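Participant: Here is my input; please provide its structure:
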Amino acid sequence: MHVCWWSPRCRLQQAPVYDGMCQREGQPGELCLRVYGRLEWSQVWYVVLVDCSLKCQNEGTLDNAACKCACAGGYRGRDCSKPPCTTECVNGKVSQENCACECNEGWTGPTCACNLKCQNGGTLDQAKCRCACAGGYRGAACSLPPCTTPCINGKVNQENCACECSEGWSGPKCDCSLKCANVGSLDKDSCTCTCAGGYRGADCTQPPCKTECINGKVSQKNCACECTKGWYGPKCGELVGGFF
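Facilitator: Numbering: from 1, shown residues only. Okay, here's the model as predicted:
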């Protein structure tokens with residue numbers, strides 16, 4: 001239906017049906033139906049009745065008066081030619097205009113499955129339901145404070161604030177470059193080697209001591225004997241005072 005503006009040339013033909021012909025300048029007459037207004041010529045408004053040629057597809061039914069299709073089976077569009085929407089909206093409903101989700105309050109994302117709220121100036125990527133945090137804040141919702149861990153030779157892992165050391169470095173602050181030789185094991189916290197097989201030195205590169213200590217033990221630092229009380233000598237074989 002189309003609006004036919006009032007015109008002093010409009011003339012009523014058969015009351016009370018109020019059908020008439022509305023003549024416009026330079027245009028042919030159109031069949032009109034009065035919808036409201038008074039009967040004075042300058043106050044009457046008309047609506048053009050147009051023969052409806054709309055064809056409803058996919059078992060849609062036509063409302064001839066409104067020239068509108070009532071679609072069936074989820075089909076859409078003016079003539080029911082558009083296929084049904086298959087979008088899954090977890091917390092919302094599907095718009096029949098474009099098959100996009102219209103989310104319930106508090107939900108967002110392509111399927112209305114995201115209710116994440118980004119804190120501390122973070123911005124939400126609705127498609128991925130993920131926050132891009134600002135100012136060093138961390139966590140799924142940017143609620144965790146920035147990391148303050150000093151990583152001397154590496155970078156900070158924003159998940160747990162631990163250091164991820166560059167190649168060749170280790171330790172809580174990535175400040176240890178010690179390598180333990182000869183199957184020695186490194187204590188990263190203290191940056192010290194625990195040597196195996198008698199090897200010695202800070203990096204376990206010094207060979208095992210072969211010193212024989214009769215009454216004492218061998219110092220792993222210099223392979224010298226550390227004598228038991230009362231004994232002395234290179235091998236701790238001499239008694240203090242000269243008596244057994």
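
Participant: Quick one, grab the pLDDT at residue 47.
Facilitator: On pLDDT, residue 47 comes in at 41.

Participant: Contacts only, for residue 222.
Facilitator: Neighbouring residues of residue 222 by Cβ atoms under 8 Å, 6 or more residues apart in numbering: there are none. Where C-beta positions appear, they are placed from N, C-alpha and C, glycine not excepted.

Participant: just to confirm, which helix or strand has it in it?
Facilitator: Of the helices and strands defined by DSSP states H and E, none includes residue 222.

Participant: quick one: pLDDT of it?
Facilitator: Looking at residue 222, the pLDDT reads 92.

Participant: Ok, the one 10 residues further on next?
Facilitator: Confidence at residue 232, expressed as pLDDT, is 92.

Participant: Does it touch residue 225 like I think?
Facilitator: No - counting by Cβ atoms under 8 Å, residue 232 stays clear of residue 225, with 9.1 Å between them.

Participant: Show me which of the two is the more surrounded one.
Facilitator: A count of neighbours by other Cβ atoms under 10 Å puts residue 225 above the other of residue 232 and residue 225, at 22 against 16.

Participant: mind listing what the nearest residue to residue 235 once chain neighbours are set aside touches?
Facilitator: Spatially, and ignoring its direct neighbours in sequence, residue 235 is nearest to residue 214 (5.2 Å; Cβ to Cβ, 6 or more residues apart in numbering). Applying Cβ under 8 Å, 6+ apart to residue 214 gives the contacts 231, 235, 236, 237.

Participant: Apply 7 Å and report the result again.
Facilitator: Listed by Cβ atoms under 7 Å, 6 or more residues apart in numbering, the contact partners of residue 214 are 235, 236, 237.

Participant: quick one: which of those has the most company?
Facilitator: residue 236 (21 neighbours).

Participant: For residue 221, see how far away it is.
Facilitator: 16 Å (Cβ to Cβ, to the nearest Å).

Participant: got the end-to-end distance for stretch 58-78?
Facilitator: End-to-end distance for stretch 58-78: 12 Å, by Cα to Cα, to the nearest Å.

Participant: tell me which residues of that stretch are tucked away?
Facilitator: Neighbour-count burial for stretch 58-78 flags 58, 60, 62, 68, 69, 71, 75, 76, 77 (criterion: 16 or more other Cβ atoms under 10 Å).

Participant: what's next to that stretch, contact-wise?
Facilitator: Residues outside stretch 58-78 that contact it (Cβ under 7 Å, 6+ apart): 1, 52, 54, 56, 79, 80, 82, 83, 84, 85, 96.

Participant: same thing but 10 Å
Facilitator: Applying Cβ atoms under 10 Å, 6 or more residues apart in numbering, the contact partners of stretch 58-78 are 1, 49-57, 79-86, 94-99.

Participant: Which segments of the chain make up each domain?
Facilitator: As assigned by automatic domain parsing, the chain contains the domains 2-48, 209-244.

Participant: For the last one, buried residues please.
Facilitator: By neighbour count, and taking 16+ other Cβ under 10 Å as the criterion, the buried residues in domain 209-244 are 209, 211, 213, 215, 216, 218, 225, 227, 231, 232, 236.

Participant: Which members of the contacts of stretch 58-78 are classed as buried?
Facilitator: 49, 56, 79, 80, 82, 85, 94.
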